[in-house]
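Could you work out the structure for the sequence below:
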Amino acid sequence: MRKILTLVIDGLGVSESTEGNALKNANMPNYNSILEKYPHSLLEASSESVGLRIEQPGNSEVGFKTLGAGQVLRQRSALMNDFVDKDSLATNAILKEAVEHAKKYKSTIHIMGLMSDGGISSNIKDTVKIIEYLKTQEVKIVVDFIADGEDVEEKSAITYIEMIQKTGVPIATICGRYYAMDKNEKWDRIKIYYDLVRNGVGLKIKEISLALKNCYIRNITDKFLPPILVEQNKKLKNNDVVIWTNYEDETAKEILLALSNPSETKKVKATAIDNFKLILMYPVDPKIDGTVLINEEDDISNNLGQYFGKLDLTQARIAVKSSFDKVSYFFNGETTDKIPKCNNYSIEIPSSESDRSLEYGAVAVTKQIVKCMERDTDFILANIDAADVAAHTGDFDKTVKVLELIDECLGRILESASLNFYTIIITSTHGNVEAMGEPDAVITANTTNKVPFIMLDNKVDLVNGCLTDVAPTILSYVDISIPESMKTSKVLIK
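Numbering: from 1, shown residues only. Model prediction:
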């Protein structure tokens, strides 16, 4: 078969505007030359085209899951929207049991999660509906507010705080997601949030808006808000209930493990909560002692990676460690099962390179791509996330520089692909770098812009489509039968 390298450059959206567009402001001769020489089209990577809500930006996890599946999958955010809109709250036995538990022990239900409408990890509109339902049940409720500042504007927390305040339910704590939702085993951050909600250790304040103002003056944006104690006597106690309202699982594992099953982690000095009840929207991890409200039913057992495995083809997955789950777990259909003849390359960033981790990661991924091409691997999937990570910080100049480095990496990849007879496909899972706002109005969130689909083969013509079409297009290109599950999608080659 033809050998394929699929290179996913996160955050690479398409916009004609030059204002706040790092992609158009970066000096990228290799990328621009590719666009001039080779066929390319545009892909939808957001909203209903990838199973999300209308006008909801895409994200890396959803994108890679869709790339692998080759079909539209109902994503968790859309399923949860249905759940809270169809009287499921009032009839759900698990939720009823949690309410009865709180009534029986005269305990408190803590609504805990990321409070924004970014739609990647959670959606505050769903959370408000859960709160409004619980208010009818005459139980004690408080909100443990995790501030976003990454998937939405970096200083927008007050908007979401006011949405909670309108419900009349008190906010007990506030903290940035940097601490509460770590996913990279930075347990010192998790300990800070754990101590806030469990032990009441935090900055005691009288007025939320004033506390936010003081943080912003010190250039501390929402993502990095320190632990703030709004209600001093509302920490987690024995018999309490936590309803974790996030639907994304990677950023939930560490804090929920510390809260529900502290004996499983030695990294945080945590004490068990007697008779504690944890309610999750979706499954997170087998070690977490909680009950799940919503079940997913999508069958993605025959996605691209698993399909290639059944055909005995050699494969490689390449990404930096912090993003490796995207090219493996999510692309493979949210399974940790080993795929035959698939080599995984999760690249560690040495502590000595922490100041230039994005640059180091991009170069290291490039080197591994070249090695895999030299070994004649049939299908290589690689992810470079450096530009997206830079864009999420809001640093425009940094993002431009990272894009220029990625362009240098592209030059090295092109050279090796030519020598080793590879067809390269370049795409992205969502936009970001192309719409970073203005200097006084920085935007760090993902966009709903289309993303490029570039195939470095002058013998083909391409049409526009969406991320679901990539897998059947690859199969058609290498002359392999398209499985039934992908036949609702189209082939992008004319």
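
hey, let's count contacts and neighbours off CA atoms from now on
Fine.

does residue 67 sit in a helix, a strand or a coil?
Assigned by DSSP: H, G, I helix; E, B strand; the rest coil, the conformation of residue 67 is helix.

Now for it, how many residues are close by?
If you count neighbours by other CA atoms under 10 Å, residue 67 ends up with 30.

where exactly do the helices run in the stretch 151-300 of the chain?
Ranges of helices within the stretch 151-300 of the chain are 157-165, 177-180, 187-199, 208-217, 253-260, based on DSSP state H, counting those that start in this stretch.

what's the spacing between residue 138 and residue 87?
18 Å (CA to CA, to the nearest Å).

Any idea how many residues pack against the closest residue to residue 224 other than its chain neighbours?
Among residues not flanking residue 224 along the chain, residue 176 sits closest, at 4.7 Å (CA to CA, 6 or more residues apart in numbering). The local packing of residue 176 (other CA under 10 Å) involves 25 other residues.

residues contacting residue 176?
Counting by CA atoms under 8 Å, 6 or more residues apart in numbering, residue 176 makes contact with 146-148, 222-227.

Closest one to residue 52 out of those residues, please.
Proximity of the contacts of residue 176 to residue 52 (CA to CA) peaks at residue 148, which lies at 19.4 Å.

my read: that closest one touches residue 114, true?
Yes: between residue 148 and residue 114 there is a contact under CA atoms under 8 Å: 6.3 Å.

Quick check: neighbours shared by the two?
residue 177.

circling back to that earlier point, between the contacts of residue 176, which is closest to residue 91?
Set against residue 91, the nearest of the contacts of residue 176 by CA to CA is residue 146 (27.8 Å).

if we can go back for a sec, of the helices of the stretch 151-300 of the chain, which is nearest residue 232?
Closest among the helices of the stretch 151-300 of the chain, once you apply CA to CA, is helix 187-199, at 10.0 Å.

Taking helix 253-260 as reference, get the angle to the closest one.
40 degrees (axes from the mean of the first three to the mean of the last three CA atoms, to 10 degrees).

Show me what counts as buried in helix 187-199.
Residues 187, 189-199 are the ones in helix 187-199 that count as buried (16 or more other CA atoms under 10 Å).

Next: stretch 356-375.
In terms of neighbour count (16+ other CA under 10 Å), stretch 356-375 has its buried residues at 357-366, 368-370, 372-373.

likewise stretch 467-481?
467-475, 477.

Just the ones in helices from the residues you listed, please.
Of the buried residues of stretch 467-481, the ones assigned to helices by DSSP state H are 470-475, 477.

and residue 133, what are its phi and psi?
phi -60, psi -50 (degrees, to the nearest 10).

Could you tell me which residues make contact with it?
So residue 133 contacts 89-90 (CA under 8 Å, 6+ apart).

Quick check: the gap between it and residue 247.
As judged by CA to CA, residue 133 and residue 247 stand 19 Å apart.

before we move on, what about residue 403?
31 Å.

Now do the same for residue 104: helix, strand or coil?
Secondary structure, three-state DSSP: residue 104 is helix.

Alpha carbons of stretch 425-442, as PDB, please.
Provided in PDB are the C-alpha atoms of stretch 425-442 (Å, rounded to 0.1, in the frame of the first residue of the first chain):
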ATOM      1  CA  ILE A 425      -1.600  14.700   4.700                       C
ATOM      2  CA  ILE A 426      -1.700  17.900   6.800                       C
ATOM      3  CA  THR A 427      -4.800  18.900   8.800                       C
ATOM      4  CA  SER A 428      -5.900  20.100  12.200                       C
ATOM      5  CA  THR A 429      -8.600  19.300  14.800                       C
ATOM      6  CA  HIS A 430      -9.800  22.900  15.400                       C
ATOM      7  CA  GLY A 431      -8.900  26.500  14.800                       C
ATOM      8  CA  ASN A 432      -7.200  28.800  17.300                       C
ATOM      9  CA  VAL A 433      -4.000  30.600  16.000                       C
ATOM     10  CA  GLU A 434      -5.900  32.400  13.300                       C
ATOM     11  CA  ALA A 435      -8.100  34.400  15.600                       C
ATOM     12  CA  MET A 436      -6.200  35.600  18.700                       C
ATOM     13  CA  GLY A 437      -8.000  38.900  19.000                       C
ATOM     14  CA  GLU A 438      -6.400  42.300  19.500                       C
ATOM     15  CA  PRO A 439      -3.700  43.300  22.000                       C
ATOM     16  CA  ASP A 440      -6.300  44.800  24.400                       C
ATOM     17  CA  ALA A 441      -8.900  42.000  23.800                       C
ATOM     18  CA  VAL A 442      -7.000  38.800  23.700                       C
END
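
Which positions in it come out as buried?
Residues of stretch 425-442 classed as buried by neighbour count (16+ other CA under 10 Å): 425-437, 442.

Reformat those as TSV; add secondary structure and distance to residue 396.
Listed next are the buried residues of stretch 425-442 as TSV, based on DSSP: H, G, I helix; E, B strand; the rest coil; distance: CA to CA, whole Å:
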residue	secondary structure	distance to residue 396
425	strand	27
426	strand	23
427	strand	21
428	coil	19
429	coil	20
430	coil	18
431	strand	15
432	coil	11
433	coil	8
434	coil	10
435	coil	10
436	coil	7
437	strand	9
442	strand	9
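
hey, which helix is longest across the protein?
Assigned via DSSP H, the chain shows its longest helix as helix 396-420.

Give the residue farthest from the middle of the chain.
In the chain, residue 104 marks the outermost C-alpha relative to the chain mean, sitting 37.6 Å out by CA atoms, centre = their mean.

I'd like the distance from the longest helix of the chain to the chain centre, please.
Helix 396-420 sits 24 Å away from the centroid of its parent chain (CA atoms, centre = their mean, to the nearest Å).

What mean pLDDT does stretch 69-88 get?
Averaged across stretch 69-88, pLDDT comes to 84.

where's it relative to the chain centroid, distance-wise?
That offset, for stretch 69-88, works out to 16 Å (CA atoms, centre = their mean).

before we move on, what about stretch 434-446?
Here stretch 434-446 shows a centroid-to-chain-centroid distance of 19 Å under the convention CA atoms, centre = their mean.

Helix or strand for residue 145, just tell me which one.
Secondary structure from DSSP states H and E places residue 145 in strand 140-147.

in its sheet, what does that strand sit against?
strand 108-114 (parallel), strand 171-176 (parallel) (DSSP bridges).

Out of those strands, which is closest to residue 315?
Comparing those under CA to CA, the one sitting nearest is strand 108-114, at 36.2 Å.

quick check, distance from the closest one to the centre of its chain.
Using CA atoms, centre = their mean, the offset of strand 108-114 from its chain centre is 21 Å.

Can I get that strand in PDB, CA atoms only?
Taking C-alpha atoms only, strand 108-114 is exported to PDB below (Å, rounded to 0.1, in the frame of the first residue of the first chain):
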ATOM      1  CA  THR A 108     -24.800  19.300  51.400                       C
ATOM      2  CA  ILE A 109     -24.700  18.700  47.600                       C
ATOM      3  CA  HIS A 110     -21.700  20.300  46.100                       C
ATOM      4  CA  ILE A 111     -21.900  21.300  42.400                       C
ATOM      5  CA  MET A 112     -18.300  21.200  41.300                       C
ATOM      6  CA  GLY A 113     -16.900  21.700  37.900                       C
ATOM      7  CA  LEU A 114     -15.600  24.200  35.200                       C
END
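
Pass me the low-pLDDT residue ranges in this structure, would you?
The chain contains residues with pLDDT under 70 at 296-301.

Show me which positions of stretch 280-292 end up buried.
Neighbour count says stretch 280-292 has 280-284, 288-291 buried, by 16+ other CA under 10 Å.
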